[in-house]
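Student: all I have is the shape, not the residue letters:
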């Protein structure tokens, strides 16, 4: 589910980040850049010496490693790295070069080699998520780690027997299609309760995350209204979902999409999207598997 990668990038550090006490340039006798370990140690030693000279007036002084970590975190964490996935952390600053001051802003430019932790679940991974909204295409999910990445459970991948109510705008599972052995379900709702629970989420179905064309032919004729008793897919409900695919577009694909937008074409594309499934044991809304208190 999480992967580690080593990246190389050029970083600009604005003058406001420069510490008052700074180590000498991190270069060897030949002028070549030295490693981050050497540079970081020198900066740390300078900060310690400054604190000793000034007593309690200066308890902490930034090191170049701190500044680099901050700048890299700003640039990468919470963003999707093309062909990789969602960056959740900078794991390590491995190396960085000596800096050179360029431009009107007098920023210090340097190159850095660093590690990143990326979220890109492999097929078969099980995740806990929540239902964000629903449409005829299926059920859209969200997890705490992200909210902007489309995560769809297509109609054909819902719990077998699920039906879509066009009138009420939600998916439901008629109870007569469920094996009742081992007791009843704790999430049985009547039509009025289910409609109230999903009204808010159903109104969001037009935000562009999906299309009704994704629904399979077996669901192409949704029922006009759900008939009780049934279990409803409720907006906000926790679910267990199995990842079927995780697609992260490359820079080339994104560039092509941008060019298509520039010439008036429909180049809309999601840089990352997930597809999931509720087909299998212990998958779907968690409340459906809870036992009644009196069971």
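Tutor: Sure, I can see it. Please read these numbers as outputs of a predicted model, since none were measured by experiment. Numbering: from 1, shown residues only.
Student: can you pull out the low-pLDDT segments for the stretch 1-150 of the chain?
Tutor: 19-60 (pLDDT under 70).
Student: would you list every one of the helices in it?
Tutor: Taking DSSP state H, counting those that start in this stretch to define them, one finds helices in the stretch 1-150 of the chain at 36-54, 64-76.
Student: ok, now the stretch 151-295 of the chain?
Tutor: Using DSSP H, counting those that start in this stretch, helices in the stretch 151-295 of the chain cover 191-202, 251-262.
Student: mean pLDDT lowest where, among the ones you listed?
Tutor: Mean pLDDT is lowest for helix 191-202 out of the helices of the stretch 151-295 of the chain, coming in at a mean of 42.
Student: care to break this protein down by domain?
Tutor: 2-119, 126-289 (automatic domain parsing).
Student: first-to-last residue distance for the longest one?
Tutor: I take that to be domain 126-289. End-to-end distance of domain 126-289: 16 Å, with Cα to Cα, to the nearest Å as the criterion.
Student: just stretch 8-17 next, same as before
Tutor: First-to-last residue span, stretch 8-17, Cα to Cα: 21 Å.
Student: equivalent analysis for stretch 157-175, please.
Tutor: Termini of stretch 157-175 sit 18 Å apart (Cα to Cα).
Student: return the set of buried residues in that stretch.
Tutor: 157-159, 162-165, 168-174 (16 or more other Cβ atoms under 10 Å). C-betas here are computed from N, CA, C, even on glycine.
Student: and the closest residue to residue 10 other than its chain neighbours, how far is that from residue 8?
Tutor: Leaving aside its chain neighbours, residue 10 sits nearest to residue 111 (5.3 Å; criterion: Cβ to Cβ, 6 or more residues apart in numbering). From residue 111 over to residue 8 the distance is 7 Å, taken as Cβ to Cβ, to the nearest Å.
Student: tell me which of those two has more neighbours.
Tutor: Neighbours per residue, other Cβ atoms under 10 Å: of residue 111 and residue 8, the larger number sits with residue 111, 14 against 10.
Student: residue 269: which of the buried residues of stretch 157-175 is nearest?
Tutor: residue 157 (22.0 Å; Cβ to Cβ).
Student: thinking the closest one is in contact with residue 274, fair?
Tutor: No: using Cβ atoms under 8 Å as the test, residue 157 is too far from residue 274 to be in contact (11.8 Å).
Student: joint contacts of the two?
Tutor: Residues touching both residue 157 and residue 274 by Cβ atoms under 8 Å, 6 or more residues apart in numbering: none at all.
Student: what about residue 99, neighbour count?
Tutor: For residue 99, using other Cβ under 10 Å, the count is 19.
Student: surely it and residue 111 touch.
Tutor: No: using Cβ under 8 Å, residue 99 makes no contact with residue 111, being 9.3 Å away.
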